[in-house]
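Visitor: Here's my sequence, what's the structure:
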Amino acid sequence: MTDTEVQVEFQPDGSPPGRPSLRDPLQEDTCGEASDGTEGLLNFGRRDVEEPLLLLADVALAPPCVGHVSCSCPEVRQMERSFHSIRLQLQFFLSKADNLQDCLVSGQSHLEREALVAAVSTLLYTCRPFFNYLESTARSAALQNTHHPVDVCSEVTLLHFSQQLCDRLEQLVLIYTSYDLLSLDETEPNNVSHFCIGQTRLGQLRLTIFRYCKPTPYLARVDSGLYKRMRWNVERLPDEQQRTEEEKDGGCEDRWDETKCHTDHYFLCYEDISNGDAEADGDRKEVRRDNVMRMWSIGQWVQVNPDPTTEDIYDWITCEVPQASYCRLFFLGDEEPSSCSATDCLQQLLLSHI
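Guide: Residues are numbered from 1 along each chain as shown. Now for the predicted structure:
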């Protein structure tokens, strides 16, 4: 099996003996006549999700393809088989989202609705290894300095899959929010304002990507005029030499202190700014109201309170919600970028400083 080959294949019902088969608990338990719907949904959140989650975790941990892919027919056929397996996994998750939406719209009892909410949270969690695999495999090509047609095709296709799943999960959460079953308010304890859509490595940087289901105030309790749509956690990991020294000093060869990693936070935000020429440009009326234009940008979280350099633990304890300014790095225009294209922009910025 090559590095590009996906290790998980979802087989339909009636698979030949000896081949793995992952059944659809929502279709069989919720809509069937043999079992109670609530029990089936709870099983989806406990037992049936564990198997695909473990399998997809293996996929997420598989090393990305870093070698040069030749244009020989066997390599092309191998890539096609890999894409087919990945597409099956994508359809598996999309069908879960469709089933959860259909079960909600069709009307359920109060207890079953609670089980559906739990299943939505479980689905968001279960998709993370798949997002990790898509993002890490596709974006590793940026570090290879190669423009081989097969590599470019792989990157574009995988990022398209990631975008497709992200949009569907966002839509699912918004539908549950419209039924007052989920909250997007960050001030509430059990909110689902955002979810993780992948993690990848860029040299010594570890990039974790989050998508907000709708534009959310940049600061929870202060009106800054900014609304965030995405967040990237960028951890600066120690190099191999420093890591080896830390492991030896700690007397443990297989562990190292991740608390020493420095993490920066970047956001995709928009703000409505005044534009005296707004009325003269009729092509952008959808983003203008009373000479105001919506402008998108990527910026960095710069903490103000508590002081990030303080060593007084009391300052952190007494601060209920951290406050920060927004350091704009570059503007993206008046059209909202997709999650993949926004991450592309941040990736280029980060790579330019490596």
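
Visitor: For residue 206, list each beta-bridge partner.
Guide: When assigned by DSSP bridges, residue 206 has beta-bridge partners residue 201, residue 235.

Visitor: count of residues packed around it?
Guide: Applying other C-beta atoms under 10 Å, we find 17 residues neighbouring residue 206. (Glycine included, C-beta is placed from N, CA and C.)

Visitor: Need the pLDDT of it.
Guide: The predicted structure scores residue 206 at 95 on the pLDDT scale.

Visitor: Test my guess that it contacts residue 237.
Guide: Yes - under the criterion of C-beta atoms under 8 Å, residue 206 lies in contact with residue 237, with a separation of 5.8 Å.

Visitor: which residues do those two both contact?
Guide: Residues touching both residue 206 and residue 237 (C-beta atoms under 8 Å, 6 or more residues apart in numbering) are residue 261.

Visitor: Phi, psi for residue 185 please.
Guide: Note on residue 185: its backbone torsions stand at phi -80, psi 120 [degrees, to the nearest 10].

Visitor: Tell me, how many residues neighbour it?
Guide: There are 13 residues near residue 185, going by other C-beta under 10 Å.

Visitor: now swap in the one 5 residues further on and tell me
Guide: Other residues within reach of residue 190 by the criterion other C-beta under 10 Å amount to 8.

Visitor: again with residue 221
Guide: Number of residues near residue 221 (other C-beta under 10 Å) recorded here: 10.

Visitor: And it, its phi and psi?
Guide: With angles defined as degrees, to the nearest 10, residue 221 shows backbone torsions of phi -120, psi 10.

Visitor: Would you quantify the distance from the spatially closest residue to residue 218 that is not a sequence neighbour to residue 299?
Guide: Sequence neighbours aside, residue 226 is the residue nearest to residue 218 in space, at 3.7 Å (criterion: C-beta to C-beta, 6 or more residues apart in numbering). In this structure, residue 226 lies at 8 Å from residue 299, with C-beta to C-beta, to the nearest Å as the measure.

Visitor: Okay, and the beta partners of residue 216?
Guide: Once the bridges are assigned, which here means DSSP bridges, residue 216 pairs with residue 228.

Visitor: which sections of this protein are below the confidence cut-off?
Guide: For the chain, residues meeting the criterion pLDDT under 70 lie at 1-79, 108-111, 141-153, 240-260, 276-290, 305-322, 354.

Visitor: and if we set it to 50?
Guide: Applying pLDDT under 50 to the chain picks out residues 1-71, 251-256, 277-283, 285-287.

Visitor: What are the boundaries of the strands in it?
Guide: For the chain, the strands identified by DSSP state E occupy 194-202, 205-217, 226-236, 262-274, 292-305, 323-333, in order along the chain.

Visitor: Ramachandran angles for residue 192?
Guide: Taking degrees, to the nearest 10 as the convention, residue 192 sits at phi -120, psi 50.

Visitor: so it makes contact with residue 212?
Guide: No - between residue 192 and residue 212 there is no contact under C-beta under 8 Å: 10.2 Å.

Visitor: In space, what's closest to residue 263 - neighbours in sequence excluded?
Guide: Leaving aside its sequence neighbours, residue 263 sits nearest to residue 235 (C-beta to C-beta, 6+ apart; 4.9 Å).

Visitor: gap between that neighbour and residue 268?
Guide: From residue 235 across to residue 268, the span is 18 Å (C-beta to C-beta).

Visitor: In terms of neighbours, single out the busier of those two.
Guide: Set side by side, residue 235 and residue 268 give different neighbour counts by other C-beta under 10 Å, the larger being at residue 268 (25 against 16).

Visitor: for residue 239, what are its contacts?
Guide: Contacts for residue 239 were tallied using C-beta under 8 Å, 6+ apart; they are residue 204.

Visitor: what comes up buried for the longest helix anywhere in the chain?
Guide: Longest helix in the chain by number of residues (criterion: DSSP state H): helix 73-106. When neighbours are counted by 16 or more other C-beta atoms under 10 Å, the buried residues of helix 73-106 are found to be 78-79, 82-83, 85-86, 89-90, 92-93, 96-97, 99-101, 103-104.

Visitor: what does stretch 331-341 give?
Guide: Buried residues in stretch 331-341 (16+ other C-beta under 10 Å): 332, 334, 336-337, 339-340.

Visitor: before we move on, what about stretch 161-168?
Guide: Neighbour-count burial for stretch 161-168 [16+ other C-beta under 10 Å]: 161-163, 165-166, 168.

Visitor: Closest to residue 135 out of these?
Guide: When the buried residues of stretch 161-168 are compared for distance to residue 135 (C-beta to C-beta), residue 162 wins out at 6.1 Å.

Visitor: distance of the spatially closest residue to that closest one that is not a sequence neighbour from residue 209?
Guide: Taking C-beta to C-beta, 6+ apart as the measure, residue 162 lies nearest to residue 134, with 4.3 Å between them; neighbours along the chain are not counted. Here residue 134 is placed at a distance of 11 Å from residue 209 (C-beta to C-beta).

Visitor: joint contacts of these two?
Guide: Any residue near both residue 134 and residue 209 by C-beta under 8 Å, 6+ apart counts here, and that gives residue 198.

Visitor: picking that back up, number of residues surrounding the residue nearest to residue 162?
Guide: Residue 134: 28 surrounding residues under other C-beta under 10 Å.

Visitor: That one contacts residue 158, doesn't it?
Guide: Yes - contact between residue 134 and residue 158 holds when scored by C-beta under 8 Å: they sit 4.8 Å apart.

Visitor: hey, what's in contact with both of the two?
Guide: Overlap between the contact sets of residue 134 and residue 158, as judged by C-beta under 8 Å, 6+ apart, is given by residue 86.
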